[in-house]
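Visitor: A predicted structure for the sequence below; I have some questions about it.
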Amino acid sequence: MQTATDQAAAGAAEATETRRFRVFRYKRGDKAPHFDTFDVPIESRTTLLDAMKWIQLHRDASLMLRHSCYHASCGTCGVRVNGREVLLCVTAVHDLGLEITVEPVANIPVLTDLVVDMEEFYARFPDQHPYVRESEFNAAASTPDGIAAYVRYEDCIECGLCLSACPIPATTDRYVGPAALAAAQRMLEEPRGADVADLLDWADEPDGVWRCHAAFECSEACPSNVNPAARIMALRGALVGGALVIPDRVEEMR
């Protein structure tokens, strides 16, 4: 399989036009962050990740970013582009304009360039939330050598885009945020031993579900269709004695 580095090199050879990128830069010890400008050759299939890798290969090897899976499954390459939250690996450059601004996600401390401290993101989750849960499927199936049991991940890829898009963390760092609340609501749907009463108490805190201002930006930004805004509303419903009803689409909530 071609890596983003291979694609960046191949894409440059087939480039049909050039786009200007303004890329956020920050290194430890800098007095303040700044933007560097790069002209990048692109073709019709160039992704933002291809463009960032081209900059690393051909213009500035010190540019730091995270990436892993190349297909929107790992969540590590989340950034803000022209003020909107996206994943580098699945966002095409072609329709983004002639000048493209790339910044780290908001509301999470920046470590360097486009890399943020995700420990701050995970710290917001309820203590009862397991990131990987044992799968209830294929209970009788034989597992490969060295693997005791099959596990499955929840829909959330923990990219931090919802927290970045949410307007509330800009005013208070105490708000637990949409990803953590969506995770809590998932546990109410499928507790599997979780202390539901304790979880509801956690969500009912002043910086829990009631801090949300229903801007719906979190669901707009989510690349995995978790729909955190709807799940926050469902948590509110559970707290006031209602049913856990999750709308299929953001538009149903407006």
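Guide: Alright, I've got the coordinates. Residues are numbered from 1 along each chain as shown.

Visitor: now Leu87, what are its backbone angles?
Guide: Backbone torsions for Leu87, taken as degrees, to the nearest 10, come to phi -100, psi 130.

Visitor: wait, Val226 touches Ala180, no?
Guide: No. Contact criterion Cβ atoms under 8 Å: Val226 and Ala180 do not qualify, at 11.8 Å. C-beta: built from backbone N, CA, C; applies to glycine.

Visitor: could I get the full set of strands for the protein?
Guide: 17-25, 34-42, 78-81, 84-87, 99-103, 110-112, 115-116, 132-134, 151-153 (DSSP state E).

Visitor: quick one: which of those strands is nearest Val196?
Guide: Val196 lies closest to strand 132-134 among those, at 15.5 Å (Cβ to Cβ).

Visitor: quick check: mean pLDDT across that closest one?
Guide: Averaged across strand 132-134, pLDDT comes to 59.

Visitor: just to revisit the earlier point, dump the strands of the chain into a markdown table; add mean neighbour count and distance to Glu190 as well.
Guide: Listed next are these as a markdown table, based on neighbours: other Cβ atoms under 10 Å; distance: least, Cβ to Cβ, whole Å:
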| stretch | mean neighbour count | distance to Glu190 |
| --- | --- | --- |
| strand 17-25 | 17 | 39 |
| strand 34-42 | 16 | 43 |
| strand 78-81 | 24 | 26 |
| strand 84-87 | 22 | 26 |
| strand 99-103 | 18 | 36 |
| strand 110-112 | 16 | 34 |
| strand 115-116 | 18 | 30 |
| strand 132-134 | 12 | 9 |
| strand 151-153 | 11 | 11 |
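
Visitor: Throw those into CSV and include distance to Gly241, thanks.
Guide: Output for the strands of the chain, formatted as CSV (distance: least, Cβ to Cβ, whole Å):
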stretch, distance to Gly241
strand 17-25, 46
strand 34-42, 50
strand 78-81, 36
strand 84-87, 34
strand 99-103, 42
strand 110-112, 42
strand 115-116, 38
strand 132-134, 27
strand 151-153, 31
